[in-house]
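Participant: Provide a 3D model corresponding to the input given below.
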Amino acid sequence: QVQLVESGGGLVQPGGSLRLSCAASGTIVRNNAMGWYRQTSGKERELVAAFSTWGSIDYADSVKGRFTISRDNAKSTVYLQMNSLKPEDTAVYYCNARLTTRRGGYFYTDDYWGQGTQVTVSS
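Facilitator: Next up is the predicted model:
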């Protein structure tokens, strides 16, 4: 069974920094894509930053130049370094991964989500 475990959220003042981590565990054959999304109350979940299946990186316009996504494939872990944080970055941040697993002799590719970690930017 696959699990995504996130860490690193918290309360930070405007202009501060946080680093989120997301580690995938389980019978993973291949890590196809990983990324970060965020959601605030009453709004749809939106892309923050993500690695595509082909290795390219997408960033939301609102975080370009401030956030940096990175990953350690050997550890099936993705990171999000968030600098110059603004109050509008306040949200629950979710890790997403498209993983290939092997179950019962067959391969499956599915999307998985972490439990979410709260990021609050406030003075």
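
Participant: and the spatially most central residue of the chain, helix, strand or coil?
Facilitator: Within the chain, the residue whose C-alpha comes closest to the C-alpha centroid is residue 36; the distance, by C-alpha atoms, centre = their mean, is 2.7 Å. Using DSSP: H, G, I helix; E, B strand; the rest coil, the structure places residue 36 in strand.

Participant: which residues are in contact with it?
Facilitator: Contacts for residue 36 (C-beta atoms under 8 Å, 6 or more residues apart in numbering) come out as 20, 22, 47-50, 69, 78, 80, 93-96. All C-beta spots, glycine's among them, are computed from the backbone N, C-alpha and C.

Participant: swap in residue 53?
Facilitator: For residue 53, the contacting residues are 32, 33, 98, by C-beta under 8 Å, 6+ apart.

Participant: element containing the first one?
Facilitator: Okay, so that is residue 32. Element membership of residue 32, judged by DSSP states H and E, is strand 28-39.

Participant: and the following helix or strand past that strand, how far out from the chain's middle?
Facilitator: Note on strand 28-39: by DSSP H and E, the next helix or strand toward the C-terminus is strand 46-51. What separates the centre of strand 46-51 from the centre of its chain is 7 Å, taken as C-alpha atoms, centre = their mean, to the nearest Å.

Participant: can you check stretch 55-68 too?
Facilitator: For stretch 55-68, the distance to the chain centre is 12 Å (C-alpha atoms, centre = their mean).

Participant: can you get me the start-to-end distance on that stretch?
Facilitator: 14 Å (C-alpha to C-alpha, to the nearest Å).

Participant: helices along the protein, start to end?
Facilitator: Assigned by DSSP state H, the chain shows no helices.

Participant: so how far is residue 112 from the residue sitting furthest away from the middle of the chain?
Facilitator: Relative to the centre of the chain, the most outlying C-alpha is that of residue 105, 29.2 Å out, by C-alpha atoms, centre = their mean. With distances taken as C-beta to C-beta, to the nearest Å, residue 105 is found 21 Å from residue 112.
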